[in-house]
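Colleague: Provide a 3D model corresponding to the input given below.
(one chain, ligands or ions: 2)
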Amino acid sequence: MEPSSGLRLKAVLFDRDGTLVRDVPYNGDPDRVRPMPQARVVLDCLRAQGIATGVLSNQSGIGRGVLTVGQVAAVNVRIEQLLGPFDVWDICPHRPEDGCSCRKPAPGLIRRACRRLGIAPGEAAYIGDIGSDIEAARAAGVRGVMVPTALTLPAEVDAAPEVAADLRSALVLLLPAAGRSVP
Ligand SMILES: [Mg+2]
Ligand SMILES: [Zn+2]
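Modeller: Ligands and ions are numbered 1, 2, ... in the order given. Prediction:
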């Protein structure tokens, strides 16, 4: 069934830390990457449906000088080894005080990903674990779904238009038939 907008879902974009993998602050060590529950099966379901996937992440550790671009790239390679290939990757390396247009809650990362995929914002969804993810999705005009963790602030959960308990439940919100077929 088509969503009410009339646009079909063509891409599901994800936050990285706390959404696809456990949040290890300023992690530069590939050996510390641990996928979140159901991440692999949900991603494989999307790929089987022909839906593009992407990872969009704030990595201010680079701008702060506590992480190198190479360390972040090594962690991202490990994530692809564990979770499979993504169609688009992008990070914001800036600090909050840099005032860039890509750091979430700004919409730059999401807008750029849609452009690179050749899709309209209305054809994408963004899944993240905190309020700034959902604000960025709203600002970019994409459907935002929050999958909170124990660390997500309750006020940010309350403010999210759509909340799912885990990644599989988020998939069911976006693609009910395919999502329910995921074990
Ligand atoms: Mg996160
Ligand atoms: Zn930025």
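
Colleague: give me phi/psi at Ala11?
Modeller: Ala11 adopts backbone torsions of phi -150, psi 140, taken as degrees, to the nearest 10.

Colleague: Then Arg34?
Modeller: Torsion angles, degrees, to the nearest 10, at Arg34: phi -130, psi 120.

Colleague: give me every residue that touches the residue lying closest to it once chain neighbours are set aside.
Modeller: Distances taken as Cβ to Cβ, 6 or more residues apart in numbering place Arg22 nearest to Arg34, at 4.3 Å, with adjacent residues excluded. In short, each C-beta sits where N, CA and C put it, glycine included. By Cβ atoms under 8 Å, 6 or more residues apart in numbering, Arg22 lies in contact with Val33, Arg34, Pro35, Met36.

Colleague: What's the end-to-end length of stretch 139-157?
Modeller: This stretch, stretch 139-157, spans 17 Å end to end (Cα to Cα, to the nearest Å).

Colleague: Give me the distance from it to the chain's centre.
Modeller: 11 Å (Cα atoms, centre = their mean, to the nearest Å).

Colleague: The contacts of Arg22 into CSV, with extra columns for distance to ligand 2?
Modeller: Below are the contacts of Arg22 laid out as CSV (distance: Cβ to the ion, whole Å):
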residue, distance to ligand 2
Val33, 23
Arg34, 26
Pro35, 25
Met36, 24
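
Colleague: Tell me which two of the residues you listed sit farthest apart.
Modeller: Val33 and Met36 (10.7 Å; Cβ to Cβ).

Colleague: who touches both of those two?
Modeller: Taking Cβ under 8 Å, 6+ apart as the criterion, Val33 and Met36 both touch Val21, Arg22.

Colleague: Which residues lie in contact with the residue nearest to Glu123 when sequence neighbours are not counted in this structure?
Modeller: Leaving aside its chain neighbours, Glu123 sits nearest to Lys10 (4.2 Å; criterion: Cβ to Cβ, 6+ apart). Lys10 makes contacts with Ile51, Ala52, Leu117, Ile119, Glu123, Ala124, as judged by Cβ under 8 Å, 6+ apart.

Colleague: what does Leu67 give?
Modeller: Tyr26, Gly28, Gln59, Gly61.

Colleague: which one of the residues you listed has the most neighbours?
Modeller: Highest neighbour count within the contacts of Leu67, by other Cβ atoms under 10 Å: Gln59, with 23 neighbours.

Colleague: low pLDDT regions in this structure?
Modeller: Applying pLDDT under 70 to the chain flags the ranges 1-6.
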